[in-house]
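**Q** using only what follows, build the 3D model:
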Amino acid sequence: MKVVVIGASGRTGTEVVRQGLAGGHEVTAFVRDPAKLTVRDPRLTVKTGDARDTADLRAALEGQDAVISTLGGKPKDAVMERSTAALVEAANETGVRRVVMLSAYLLASNYKPNPVTKLLARLVTGGMVADKRSGEAHLVHSKLDWTIVYATMLTNGPRSGVRTVTSSETVTSFDKISRADVAAVLLEQVASVANIGQSLVITGAS
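**A** Numbering: from 1, shown residues only. Next up is the predicted model:
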């Protein structure tokens, strides 16, 4: 499968690139600064551009099968809102239908946050949450085959197993999952039709 990874130079994005290549995919890494991408492979193509620019994304998506977005950004720049709107437009123009997006568990509607988590979302990360919600709305209301993966607090540890959080569970900042496990889930989703048009919350198995 030919997969574009947006935000490929970030810590989670880099892990997606590594695992995607190891799994036999042809990976296109979409980055602002190629010098920050440490992965090298004959099957890796690097495209430079601004994720908020439809033309840049269109050039990266041409001829691809799917997109994985691990993008994050500063709320004041409305990065997620603008980049997701541009991604939807570019995907429609290039015929790429499958989009898997990584997001933060604070935004998930299909889990039960405790009072402290609600307060954190409102006071500490309010701007980030608002920006991400606006971005996700563009994807959810599109006609693309989307899946949103909400991960709990990220760590840099090795893969140790993943658990899908049910709607009746409480998730807090004490729940953690490794970036390696998140990358594996994102790649699994991009090749599956099981969760198209749905979202899921994931955390570590232990």
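
**Q** just the helices in this structure please.
**A** Using DSSP state H, the helices of the chain run over 11-22, 54-61, 79-94, 115-123, 126-140, 179-190.

**Q** relative to helix 54-61, how tilted is the third one?
**A** Put simply, helix 79-94 runs at 60 degrees to helix 54-61, going by axes from the mean of the first three to the mean of the last three CA atoms, to 10 degrees.

**Q** how about helix 79-94: buried residues?
**A** By neighbour count, and taking 16 or more other CB atoms under 10 Å as the criterion, the buried residues in helix 79-94 are 79-92, 94. In this view, the C-beta of every residue, glycine as well, is placed from N, C-alpha and C.

**Q** now tell me which helix or strand of the protein has the poorest mean pLDDT.
**A** When the helices and strands of the chain are compared on mean pLDDT, DSSP states H and E, strand 112-113 comes out lowest with a mean of 55.

**Q** just to revisit the earlier point, from the buried residues of helix 79-94, which is closest to P42?
**A** Closest approach between those and P42, by CB to CB: T94, at 23.8 Å.

**Q** list the contacts for that closest one?
**A** Contact analysis of T94 by CB atoms under 8 Å, 6 or more residues apart in numbering lists 58, 61-64.

**Q** and the gap between the residue nearest to it when sequence neighbours are not counted and P42?
**A** With CB to CB, 6 or more residues apart in numbering as the measure, L61 is the residue that lies nearest to T94, at 4.4 Å, once sequence neighbours are left out. Noted for L61: a distance of 21 Å to P42, by CB to CB, to the nearest Å.

**Q** pick out whichever of those two has more residues nearby.
**A** Each of L61 and P42 has its neighbours counted (other CB atoms under 10 Å); L61 has more, 26 against 7.

**Q** how near is that one to W146?
**A** Taking CB to CB as the criterion, L61 is separated from W146 by 14 Å.

**Q** go on, H138?
**A** Separation of H138 from W146 (CB to CB) stands at 10 Å.

**Q** centre-most residue in the protein?
**A** Most central residue of the chain, judged by C-alpha distance to the mean C-alpha position with CA atoms, centre = their mean, is L102 at 2.5 Å.

**Q** if we can go back for a sec, just checking, the residue nearest to T94 touches V67?
**A** Yes: between L61 and V67 a contact is recorded at 6.6 Å, counting by CB atoms under 8 Å.

**Q** residues shared between the contacts of these two?
**A** In contact with both L61 and V67: 4, 91, 96, using CB under 8 Å, 6+ apart.

**Q** now pLDDT too, for these, in TSV please.
**A** TSV is the format used below for these (pLDDT from 0 to 100):
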residue	pLDDT
V4	98
A91	98
V96	98
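
**Q** mind giving me JSON lines with these and columns for distance to V31?
**A** Converted to JSON lines, the shared contacts of L61 and V67 look like this (distance: CB to CB, whole Å):
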{"residue": "V4", "distance to V31": "11"}
{"residue": "A91", "distance to V31": "18"}
{"residue": "V96", "distance to V31": "18"}
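
**Q** and of those residues, the nearest to A22?
**A** Comparing every one of these with A22 (CB to CB), the shortest separation belongs to V4, at 17.2 Å.

**Q** return the residues in contact with that closest one.
**A** For V4, counting by CB under 8 Å, 6+ apart, the contacting residues are 27-28, 30, 47, 60-61, 64, 66-68, 96.
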